[in-house]
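Peer 1: Only the shape, not the letters, is given here:
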């Protein structure tokens with residue numbers, strides 16, 4: 001068994017799309033990023049790569065490489081899966097930190113999108129959301145963050 005942990009945070013800015021777990025969330029702000037800024041997928045990629053000691057997302061998909069400019073992070077997840085193809089995903093647990101909007105209406109769709117991209121049952125992918133109770137940059141609506149933990153066999 002191998003365990004991996006990933007974390008990502010992005011600033012939020014007006015007028016950008018908010019993409020989380022492969023789902024576009026209606027909101028006035030979105031992530032400032034080289035790619036589409038999907039912190040959920042970025043944290044998940046880092047967790048998967050970390051579990052197999054293959055570095056991190058920045059090593060494989062640098063944020064200064066033109067080929068990754070505005071790329072859909074689900075494409076990066078597919079490329080990450082190719083890097084860990086010798087392992088089987090047993091479980092994934094993701095937590096998103098965002099003050100607004102509330103994510104409960106989108107959680108099941110995120111789980112479905114992620115499980116489809118990973119080729120696993122939806123029951124193997126947990127996605128949760130929390131706030132920071134108004135504290136820090138996330139609480140002030142300036143950022144969104146995600147953590148991911150994976151178990152591979």
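Peer 2: Sure thing, it's come through. What you see is a predicted model; the values in this text were computed from it and never measured.
Peer 1: Tell me where this structure has helices.
Peer 2: 39-51, 57-60, 73-83, 104-118, 136-139 (DSSP state H).
Peer 1: Contacts for the third one, please.
Peer 2: Read it as helix 73-83. For helix 73-83, the surrounding residues in contact (Cβ atoms under 8 Å, 6 or more residues apart in numbering) are 19, 22, 35-38, 41-42, 44-45, 48-49, 52, 54, 57, 60-61, 68, 113-114, 117-119. (Each C-beta comes from the backbone N, C-alpha and C, glycine too.)
Peer 1: What of the fourth one?
Peer 2: Contact with helix 104-118 is made by 20-23, 25, 40-41, 44, 74, 77-78, 81, 89, 92, 94, 121-122, 124-129, as judged by Cβ under 8 Å, 6+ apart.
Peer 1: and what of the second one?
Peer 2: Identification of contacts with helix 57-60 by Cβ under 8 Å, 6+ apart yields 6, 8, 42, 45, 46, 49, 54, 76, 79, 80, 83.
Peer 1: ok, those residues vs residue 149, which is closest?
Peer 2: Nearest to residue 149, judged by Cβ to Cβ, of those is residue 6 at 7.9 Å.
Peer 1: Look up how far residue 135 lies from the closest one.
Peer 2: Distance, residue 6 to residue 135, by Cβ to Cβ, to the nearest Å: 22 Å.
Peer 1: For these two, indicate the residue with more neighbours.
Peer 2: residue 6 (25 against 10; other Cβ atoms under 10 Å).
Peer 1: and that one, what does it touch?
Peer 2: With Cβ under 8 Å, 6+ apart, residue 6 has these contacts: 42-50, 56-57, 147-150.
Peer 1: gap between the residue positioned nearest the centre of the chain and residue 82?
Peer 2: Centrality entry for the chain: nearest residue to the mean C-alpha point is residue 40, 1.6 Å, by Cα atoms, centre = their mean. Distance, residue 40 to residue 82, using Cβ to Cβ: 20 Å.
Peer 1: Same check on residue 31?
Peer 2: From residue 31 to residue 82 the distance is 25 Å (Cβ to Cβ).
Peer 1: need the helix or strand of the chain with the lowest average pLDDT.
Peer 2: Ranked by mean pLDDT, DSSP states H and E, the weakest helix or strand in the chain is helix 57-60, scoring a mean of 94.
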